[in-house]
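In: fold the stuff below for me.
(2 chains)
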Amino acid sequence: MTTVHDAGASPVTLKSKRDRRGSPLPTGAMIATRFMELRLRRGLMITLVLVTVGLPTVFLGVRLLLHALVPKTYGPAGGYDIYTAMSAGVLYTFGFIVASTLGCTAGSVDLSEGMFRHLVITGRSRLALYLARIPAGLAIICSLVAIGFTIVCAVCVFAAPAKLSYNGVAVPSGLSQSGLEDWAAQHPTEVLCSFYYDGQPSQGVGCDNPPGQPARIVVAGPDRQQPVPATASQARAAAVEIARQNYPDYKKQFRYPSNSLMVKTGLWLELEAVIGFVVGLGLGSLLGQRTTAVMLMIVLEIILTPIAIRTRIPHFINGQRGIVGVATAHLEPGQLPLAFGGGGHDFRVTESTTTAVCVILAWLIGWTALGAWRMITRDA
Amino acid sequence: MPDVLAVPAEPAGGGSWAIETRGLAKRFGSNVAVNGVDLRIPRGCAFGYLGPNGAGKTTLIRVLLGLTRADAGTMSLLGYPVPSHRDQALARVGAIVDEPRFHAHLTGRQNLQVLAAAREPAARTRIDASLERVGILHRADDRVSKYSMGMRQRLGVAACLIGDPELLILDEPMNGLDPAGMHEMRDMIRSLVAEGRTVVLSSHLLDEVQRTCDAVAIVDRGQVIRQGPISELLAGTSVVLQVDCSEPDRARGLLAGLGATISVEAGGLAITLPAGTREVTAEVARVLVAGGISVYRLQPLQASLETWFLQVTSRLGDPQ
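Out: Predicted coordinates for the structure are as follows:
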C-alpha cells in the first residue's frame, strides 16, 4: 500500500541561529580541516617541498660547498646572476606547476575518495565547501614558495661575490657613470682588453693581447702599419670612452639583488603560485579527477605559454594576450631576465599592464566560477 | 563527556513524518530509477526500505539527501521541504549512502573532524562519543587505510552521529560486519530508535531488517509497492503448517479435501495455508487422528519477511 500525505510540510526556523550552514562563506574550522587534509598528504607534500624548497636548497648548497672547498675553480654560490636564474627560471616555472598540482588535488580528491558525498550530506553550502579550499591551499603553497624564495635570497645576498664581475673584470658595483669612467681611467688595460665596444675608440687605441704575452695598449703607428704603445693619456681617454659606452649595460649589473627587487620578485612569484593553485583548483573540480587536470596545467605552463609569448600567430594576437602566462610574464620585475626568454627569436607578445591585470583577474574569477559551478551542480 | 546524542525535545521541522515524498521521480536517460514514489515514514521508528538490486533504493536516498536532483515530485525531510530548505533539513540528518569511503590518509578521528567542521560547532564535541558508540574509539587515531570494511562502516555511522541527527538514513549498514558486529549494529539501531530518533534502513539482509525494523516499504522498478508495519504486512501472508506424522502419503490423501497445497517431505507433510490458520490447524489434527495416523508434531510457520519479499517483488512474478 502506498500512502500519500495531504498536508504540506511547514518549515520552522532552525533551532540555532548560529548554524549558518547555508551561507556560501566557509568557516574557519572548515578552512583549518581542509588545510589539515591537504597537509597530511605525505607524497604530495614531499613533492611540493622538494620542488619549491629542496631544489634551490640543494643547488645552492652544492655551490656553497664547492666554493668553500675549491674557491679558485668554483665561484661564489650567490650573486645577482644566480638570483635571477633561480627566481625567474626555477621558482617561476616549477612554482606554478606545483601550485597547480596542489590545486588539482584539492579540487578533485573529495570526489575521487568518496568524501564529497559525506560533506554534501552535512547540508553545508557546496559553494562554501569549494571556497574553503582556496585559503587552505594558498596557505600551503604560498608558504612553501616563500620559504624557497627566502633561501634563494639569503644565499644570493650573503654568498654574493665580493666584487662585480663585469665581462670577466672585477669592477666595483653601484658606480655612477662618472664613477665608472674614473675607475676606467685608472684601469685602462682591463677596460680596453675586456669590455665590449662598438666601432673603434678614438685615435685607434686598442688592446694587443698576443698569446703567451702580457696585454698592452697600443695605437696605430705613424705609418699605419706597426702599432706602437699608446701613451697613458691616450689609453685613459679610450678607456673612459668605452666605459661611457658600457655604462647602460653596467648599471643593470649587481653583485646581489636589491631589496626592492627581492620584494617585487617575491610578490610576482606568489602571484604565479596563486594563479596556478586557483586555476588548478577550478580545473580539478571541473574534471573531477586529478591526473588529467595536472597534465593540462603542465602543458599550459611548459608548452602553450612559451609558444604564446614568443610566436606571432596571425589574427590571434589578442588570443595570445588572453593566456595567463603571457600576462604574468608582462608583470615580471624589469630587472629579471624575460620569462620564457631565449630561443633566438626577436618577437615577443606585448600588452599593457591594465590588460595583463584584467587577464589575470579573469582567469582567477573565471576558473573559480567554473569549479564552483561544477561542484554545485555535480551529482554526489 | 558531553550529552552527545541527546534527542531534541521537539521535532526540528513541522509535520509528523520524518520523510514524506509525493510523486518523486528520477530518470537516468531512458531508465526510470524512481517512478512516482509516494512514501511516508513516521518519526521515531526503525523503517526498512527494501528492494531488489536496481530497484531504485539508493537513488531515492540520494534524491532525498540532495546528492542528485529529482526530475519530478515533492519531498520533505523532518518537515522541511527539500531542496528549498535542504540545509535546515540536513542539519538534523545523518546518512550513509553506498559504501562509506573516507580520506584514506587521515585517521578516523581526522575524517570526522573534517565532517564536523562542515556541521554546527557543537559537532566537534561529539566526535569521541560517536566513535565510542560505534566501538572504534580505540582505533580512532589509526589511518582509515588500515581499517577493515566493517570498521569503515562503523566510522560511517559515527559520521552520522556527530550531527546529533533526528533522522538517520543507513544504506546497507551491515555490509562488511561480522556476526557480532551485525548484532551490535542491530542493538545500536534499536537504541537510537529508543532515544526517539528515526532510522531508515536500506538493506538486502531481510532477516536483519525483520529483527530491527518496525515498518518497511518494498520498492521495485522504482515504485513503492508495499508499505506498512511488518506485523500487518505479514499478517495477510500464507502460513506453512508442518506436520510430522506416520504414513505421510496416506495422510496427504486424507487432507486432499482441505483445498490447500500439500507436499510430502521427509518425515511428514508441508501444508501451505492462507492467513488465519487456527481452525484449519485444528481440522488437520482431527482428520489425521480420525484416519488413524499418528501425529508427532503440528507446527504452523509464519512466512518470513524474506518469503514475503520474494512473493511481492517482481523476481517471482506479478508484484501486485
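In: what about A:Val152, which SS state?
Out: Three-state assignment for A:Val152 (DSSP: H, G, I helix; E, B strand; the rest coil): helix.
In: likewise for the one 5 residues further on?
Out: Following three-state DSSP, the label given to A:Val157 is helix.
In: apart from its chain neighbours, what residue comes closest to it?
Out: Excluding the flanking residues, the one nearest A:Val157 by Cβ to Cβ, 6 or more residues apart in numbering or on different chains is A:Tyr256, at 4.6 Å. Glycine gets a C-beta too; all of them are placed from N, C-alpha and C.
In: was I right to think that neighbour contacts A:Tyr83?
Out: Yes: assessed by Cβ atoms under 8 Å, A:Tyr256 is found in contact with A:Tyr83 at 6.8 Å.
In: what sits in contact with each of the two?
Out: The overlap between the contact sets of A:Tyr256 and A:Tyr83 (Cβ atoms under 8 Å, 6 or more residues apart in numbering or on different chains) consists of A:Cys156.
In: list phi and psi for the residue most central in space within chain A.
Out: Nearest to the geometric centre of chain A sits A:Tyr92, at 2.6 Å (Cα atoms, centre = their mean). With angles defined as degrees, to the nearest 10, A:Tyr92 sits at phi -60, psi -50.
In: hang on, isn't it packed against A:Glu270?
Out: No: the pair A:Tyr92 / A:Glu270 is not scored as a contact, 11.0 Å apart, by Cβ under 8 Å.
In: quick revisit: distance check, the residue nearest to A:Val157 against A:His67.
Out: A:Tyr256 is 15 Å from A:His67, where distance means Cβ to Cβ, to the nearest Å.
In: who's more crowded, these two?
Out: Of the pair A:Tyr256 and A:His67, A:Tyr256 is the one with more neighbours under other Cβ atoms under 10 Å in any protein chain shown, namely 23 against 18.
In: in a strand, that one, correct?
Out: No: according to three-state DSSP, A:Tyr256 belongs to no strand; its state is coil.
In: would you mind measuring from it to A:Ala160?
Out: With distances taken as Cβ to Cβ, A:Tyr256 is found 4 Å from A:Ala160.
In: how about B:Ile225?
Out: Distance, B:Ile225 to A:Ala160, by Cβ to Cβ: 83 Å.
In: those two: which has the busier surroundings?
Out: Using other Cβ under 10 Å, the more surrounded residue of B:Ile225 and A:Ala160 is A:Ala160, with 22 against 18.
In: any idea how many residues pack against B:Gly29?
Out: Neighbours of B:Gly29 under the rule other Cβ under 10 Å: 6.
In: B:Asp71: what's it in contact with?
Out: Contacts for B:Asp71 (Cβ under 8 Å, 6+ apart) come out as B:Ala25, B:Lys26, B:Arg27.
In: quick one, phi psi at it?
Out: Main-chain dihedrals, B:Asp71, degrees, to the nearest 10: phi -90, psi -30.
In: could you do A:Tyr166 as well?
Out: A:Tyr166 adopts backbone torsions of phi -110, psi 110, taken as degrees, to the nearest 10.
In: that one: how many residues sit nearby?
Out: Neighbour count for A:Tyr166, taken as other Cβ under 10 Å: 19.
In: so which of the contacts of B:Asp71 belong to strands?
Out: Counting by DSSP state E, the contacts of B:Asp71 place B:Ala25, B:Lys26, B:Arg27 in strands.
In: contacts for the longest strand along chain A?
Out: Identified as the longest strand of chain A according to DSSP E is strand A:216-220. By Cβ under 8 Å, 6+ apart, the residues outside strand A:216-220 that reach it are A:188-189, A:192, A:203-209, A:227-231, A:234-235, A:238.
In: can I see the domain layout of chain A?
Out: Using automatic domain parsing, the domain parsing of chain A gives A:28-162+A:256-308+A:360-377, A:164-250.
In: nearest to B:Ser238, out of those domains?
Out: Closest of those to B:Ser238 is domain A:28-162+A:256-308+A:360-377, at 40.8 Å (criterion: Cβ to Cβ).
In: and that closest one, end to end?
Out: Chord length of domain A:28-162+A:256-308+A:360-377, first to last residue, is 24 Å (Cα to Cα, to the nearest Å).
In: relative to the whole chain's centre, how far out is that domain?
Out: In this view, domain A:28-162+A:256-308+A:360-377 has its centroid 11 Å away from the chain centroid, taken as Cα atoms, centre = their mean, to the nearest Å.
In: CA-only coordinates of the helix or strand of chain B with the lowest mean pLDDT in CSV, if you can.
Out: Scoring the helices and strands of chain B by mean pLDDT, DSSP states H and E places helix B:305-312 at the bottom, with a mean of 74. The C-alpha trace of helix B:305-312 is given here as CSV (Å, rounded to 0.1, in the frame of the first residue of the first chain):
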residue,chain,number,x,y,z
LEU,B,305,9.9,-11.2,5.6
GLU,B,306,12.2,-12.8,3.1
THR,B,307,9.5,-15.2,1.8
TRP,B,308,7.0,-12.3,1.7
PHE,B,309,9.6,-10.1,0.0
LEU,B,310,10.1,-12.7,-2.7
GLN,B,311,6.4,-13.1,-3.2
VAL,B,312,5.7,-9.4,-3.7
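In: give me the buried positions along that helix.
Out: Residues of helix B:305-312 classed as buried by neighbour count (16 or more other Cβ atoms under 10 Å in any protein chain shown): B:Leu305, B:Thr307, B:Trp308, B:Phe309, B:Val312.
In: who are the packing partners of the helix or strand harbouring B:Val243?
Out: Taking DSSP states H and E as the definition, one finds B:Val243 inside strand B:239-245. Strand B:239-245 makes packing contacts with strand B:268-273, helix B:278-290, strand B:295-302 when contacts are defined by 3 or more Cβ pairs under 8 Å, 6 or more residues apart in numbering or on different chains; DSSP states H and E.
In: at 10 Å what do you get?
Out: Judged by 3 or more Cβ pairs under 10 Å, 6 or more residues apart in numbering or on different chains; DSSP states H and E, strand B:239-245 is in contact with helix B:248-254, strand B:261-265, strand B:268-273, helix B:278-290, strand B:295-302.
In: sheet-wise, list the partners of it with their directions.
Out: Sheet pairing of strand B:239-245 (DSSP bridges) gives strand B:268-273 (antiparallel), strand B:295-302 (antiparallel).
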